[in-house]
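1. test case, fold it:
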Amino acid sequence: MRIEKKANQPGFTLLEVLIGMSIMSIMMLLLFASLRTCVQNWNAGEKKIAQVSQAAIIQNFLQSKLHSTVPLDGSFLEEPQFSFQGNQEQIQFVAAMPASAGRLGLQLFKMSLRPADRGEQGNNLQVEMQPFFPQGESDAQWSEKPVVILKKIHSLQFAYFGPDNDARDSDSSWHDDWLEKDNLPKLVSVDIELLNGEIWPQLIVALKVDSAFFEAGSGRF
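-> This next block holds a predicted model:
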């Protein structure tokens with residue numbers, strides 16, 4: 001039986017092998033670079049979503065509470081005061097808490113910008129709350145421990161739009177503070193900038209005030 005020998009087939013030369021390995025290395029490099037870019041974009045997207053969610057939650061809280069501000073007289077307190085007071089870094093107002101919060105009735109809110117604790121940077125936005133109509137000695141002394149709702153703030157400014165004097169028909173403009181006035185501002189704006197340079201969209205809240213309060217009020221709200 002005759003066995004025919006196949007003709008010798010030429011293999012890859014060393015140069016061809018090196019070129020192939022180089023091409024494969026470039027392809028792998030491009031693949032890993034693409035994966036790295038995808039991961040970075042994913043992380044950046046998640047970070048942006050978290051930032052937007054934080055801004056939405058805080059602004060929704062501020063809007064819901066400020067929008068439900070109630071003009072009331074605080075003359076029954078030991079030290080009579082206007083229920084609504086505000087400057088650029090602090091605001092005080094009266095609003096109701098939802099039934100789910102476990103604190104029924106109107107509450108006196110105080111939101112203020114405070115320096116961060118030692119070892120932390122920037123400022124904090126904290127909220128304090130206490131019953132506006134104390135029904136007993138325990139309620140009169142009760143107040144909620146301040147809660148920090150936002151950290152690492154570079155700047156925060158409240159501004160107030162309303163009449164330039166106590167006359168309701170006077171011209172309105174923006175003010176840096178709203179202190180010891182016989183009426184509420186029409187609008188309240190909140191500007192926030194974080195330490196990382198992120199500037200939140202300006203929040204402008206229209207205070208929902210029933211004119212009956214003004215007509216029946218004694219002048220202090």
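2. please state the offset of stretch 16-36 from the chain centre?
-> Here the centre of stretch 16-36 is set off from its chain's centre by 46 Å, with CA atoms, centre = their mean, to the nearest Å.
3. if I look at residue 36, how far off is residue 207?
-> Separation of residue 36 from residue 207 (CB to CB, to the nearest Å) stands at 50 Å. The C-beta positions use only the backbone N, C-alpha and C, and glycine is treated the same way.
4. what helices or strands is the host helix or strand of residue 57 leaning on?
-> Following DSSP states H and E, one finds residue 57 within helix 14-67. The contact analysis (3 or more CB pairs under 8 Å, 6 or more residues apart in numbering; DSSP states H and E) places helix 14-67 against strand 90-96, strand 144-163, strand 187-194, strand 203-206.
5. that one: how far from the chain's middle?
-> For helix 14-67 - counting by CA atoms, centre = their mean - the centre lies 25 Å from the chain centre.
6. same question for stretch 182-202.
-> Here stretch 182-202 is found 10 Å from its chain centre; the criterion is CA atoms, centre = their mean.
7. what comes up buried for it?
-> Within stretch 182-202, the residues that count as buried by 16 or more other CB atoms under 10 Å are 182-185, 188, 190-192, 194, 200.
8. a markdown table for those, including distance to residue 43 and pLDDT?
-> Converted to a markdown table, these look like this (distance: CB to CB, whole Å; pLDDT from 0 to 100):
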| residue | distance to residue 43 | pLDDT |
| --- | --- | --- |
| 182 | 53 | 78 |
| 183 | 49 | 84 |
| 184 | 45 | 88 |
| 185 | 42 | 91 |
| 188 | 36 | 96 |
| 190 | 29 | 96 |
| 191 | 29 | 96 |
| 192 | 24 | 95 |
| 194 | 19 | 94 |
| 200 | 22 | 92 |
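9. check contacts around the residue nearest the centre of the chain.
-> Nearest to the geometric centre of the chain sits residue 58, at 3.2 Å (CA atoms, centre = their mean). When contacts are counted by CB atoms under 8 Å, 6 or more residues apart in numbering, residue 58 touches 125, 149-150, 192.
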